[in-house]
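Q: Provide a 3D model corresponding to the input given below.
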Amino acid sequence: MAAIRAADAKLIVPVLVGPEQKIRSAAQKAGADLARYELVATEHSHAAAAKAVELATSRKVEALMNGCIHPDEFMGAIVREEKLRTARRMSHVFIIDVPGYPRPLFVTDAGINIYPTLEEKVDIVQNAIDLAHVLGLELPRVAILSAVETVSSKIKSTIDAAALCKMADRKQITGAILDGPLAFDNAVSEAAAKTKGIVSPVAGQADILVVPDLEAGNMLARQLEYLGGAEVSGIVVGARVPIILTSSADKTLARLSSCAVAVLVARHKEIPL
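A: Residues are numbered from 1 along each chain as shown. The predicted model follows:
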C-alpha cells in the first residue's frame, strides 16, 4: 500500500478511506500494520471518493490520493465539489528525472485535460509554472511543444504556442520564460536547436514541456520512463489541495515521490476553503 509506505518514510500521515474489509485485506497482503492510522469505512468506491472529498473540504486532510479507485471515478468526485475548485482549471504535471538531462522535466498536461483549448492551456501553463516555483525554480523555461518549430495555420498547436508566448509578453502568464512552438528535439537539445538555427532562451534548456494534448503528453512521459530509464512522479494542481493521481502500473518510488511533491505544495501556501 503506497500510503503506508509513504507514512513509513515519514512523508505523510494517511487517512484510509474505503470498504474496510478490502483495505484490511490489501494491508495484510502488503504486510502493512494499520493500527497507527485512521480508517474511515465506506460501503463502496463511489462513497469512498465522496468521503475523501468531504474530508478535504473540511480541512481534515491536506491532500488527496487515489488508491484502488479508478482515476476517472476519483477525479469525478473532486470536480463535482465546488469547494475544491479555484479560479484555475485543474491540470496534471509530471515531474521527470531523465538520465542525461541536467534538470528535472515538468510535462503537462498528460492526465486531466484531453484536448485543451487555448484558454485552458493558459491555466495549464500557469499551474506548471507555479509548481516549479514551489520546487525551487525561480524562473523556469517553458517550451510549448508541437511537431515543428514554425507557426503554421495547418497545425493548431503551433497557433496556440504563438498565442501563449504573446500572452506571456502581455503578462497574462507570469513567472517564467516562454517560447514556442518548439519541437521536442530543439526544446531539450542545444545542438538540435543550433543546427536548426533557433535562437531562444528556452531551446535546449527547457524546464517545462507543454504538450498539445493529453495523448501526446502521456506517450511522452511513458516513453521517457520505460525506454529512457526516467523516474516519474506527478500531481494534479489547480485545486485547493494537491491531488496525487497514480496509475496501477506506477512503481513505489513514483508513488512516494508524488507524495513528497504534494506535501511541498500543501505546505507552501495555505488556501482557506
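
Q: surely residue 26 is in contact with residue 68?
A: Yes - between residue 26 and residue 68 there is a contact under C-beta atoms under 8 Å: 7.3 Å. From N, CA and C alone the C-beta is placed, and that goes for glycine too.

Q: any low-confidence regions in the stretch 51-200 of the chain?
A: Applying pLDDT under 70 to the stretch 51-200 of the chain flags no residue at all.

Q: mind listing the strands for it?
A: 64-65, 91-97, 105-108, 141-145, 177-182 (DSSP state E, counting those that start in this stretch).

Q: can you give the domain ranges for this structure?
A: 1-86, 88-238 (automatic domain parsing).

Q: and those domains, which is most packed in?
A: Compared across those, domain 88-238 shows the largest average neighbour count, a mean of 19 (mean count of other C-beta atoms under 10 Å).

Q: please report how far residue 146 lies from residue 187.
A: Distance of residue 146 to residue 187, given as C-beta to C-beta, to the nearest Å: 10 Å.

Q: ah, wrong one, I meant residue 92
A: Distance of residue 92 to residue 187, given as C-beta to C-beta: 19 Å.

Q: likewise residue 83?
A: From residue 83 over to residue 187 (counting by C-beta to C-beta), the distance is 37 Å.

Q: same thing with residue 171?
A: Applying C-beta to C-beta to residue 171 and residue 187 gives a distance of 23 Å.

Q: again with residue 170
A: Relative to residue 187, residue 170 is positioned 23 Å away (C-beta to C-beta).

Q: residue 30 too?
A: Residue 30 is 40 Å from residue 187, by C-beta to C-beta.

Q: quick check, central residue of this structure?
A: For the chain, the residue sitting closest to the mean C-alpha position, by C-alpha atoms, centre = their mean, is residue 93 at 2.3 Å.

Q: which strand residues bridge that residue?
A: residue 235 (DSSP bridges).

Q: same question, residue 178
A: residue 142.

Q: OK, contacts around it?
A: 125, 142, 144, 164-165, 168, 202 (C-beta atoms under 8 Å, 6 or more residues apart in numbering).

Q: do the same with residue 114
A: Contact analysis of residue 114 by C-beta under 8 Å, 6+ apart lists 213-215.

Q: which one among the residues you listed gets closest to residue 264?
A: Of all the contacts of residue 114, residue 264 sits closest to residue 214, with 24.6 Å by C-beta to C-beta.

Q: what does the residue lying closest to that closest one once chain neighbours are set aside show for phi and psi?
A: Using C-beta to C-beta, 6 or more residues apart in numbering and skipping the chain neighbours, the partner closest in space to residue 214 is residue 114 (4.7 Å). Phi and psi for residue 114, reported as degrees, to the nearest 10, are phi -70, psi -60.

Q: mind checking how far residue 114 is from residue 102?
A: Distance of residue 114 to residue 102, given as C-beta to C-beta: 32 Å.

Q: next one: stretch 104-116 to chain centre, how far?
A: 7 Å (C-alpha atoms, centre = their mean, to the nearest Å).

Q: re earlier: reformat the strands of the stretch 51-200 of the chain as a markdown table; add distance to residue 250.
A: Formatted as a markdown table, those follow (distance: least, C-beta to C-beta, whole Å):
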| stretch | distance to residue 250 |
| --- | --- |
| strand 64-65 | 11 |
| strand 91-97 | 11 |
| strand 105-108 | 15 |
| strand 141-145 | 24 |
| strand 177-182 | 28 |
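
Q: and of those, who's closest to residue 265?
A: strand 91-97 (10.2 Å).

Q: which strands and helices sit next to that closest one?
A: Counting contacts by 3 or more C-beta pairs under 8 Å, 6 or more residues apart in numbering; DSSP states H and E, strand 91-97 is packed against strand 105-108, helix 118-134, helix 214-226, strand 231-237.

Q: to residue 206, which of these lies closest?
A: Using C-beta to C-beta, the nearest of the helices and strands packed on strand 91-97 to residue 206 is strand 105-108, at 7.3 Å.

Q: send the alpha carbons of the closest one over as CSV?
A: Taking C-alpha atoms only, strand 105-108 is exported to CSV below (Å, rounded to 0.1, in the frame of the first residue of the first chain):
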residue,chain,number,x,y,z
LEU,A,105,11.5,18.0,-16.7
PHE,A,106,7.9,19.0,-16.0
VAL,A,107,5.5,17.6,-18.6
THR,A,108,1.9,19.0,-18.7
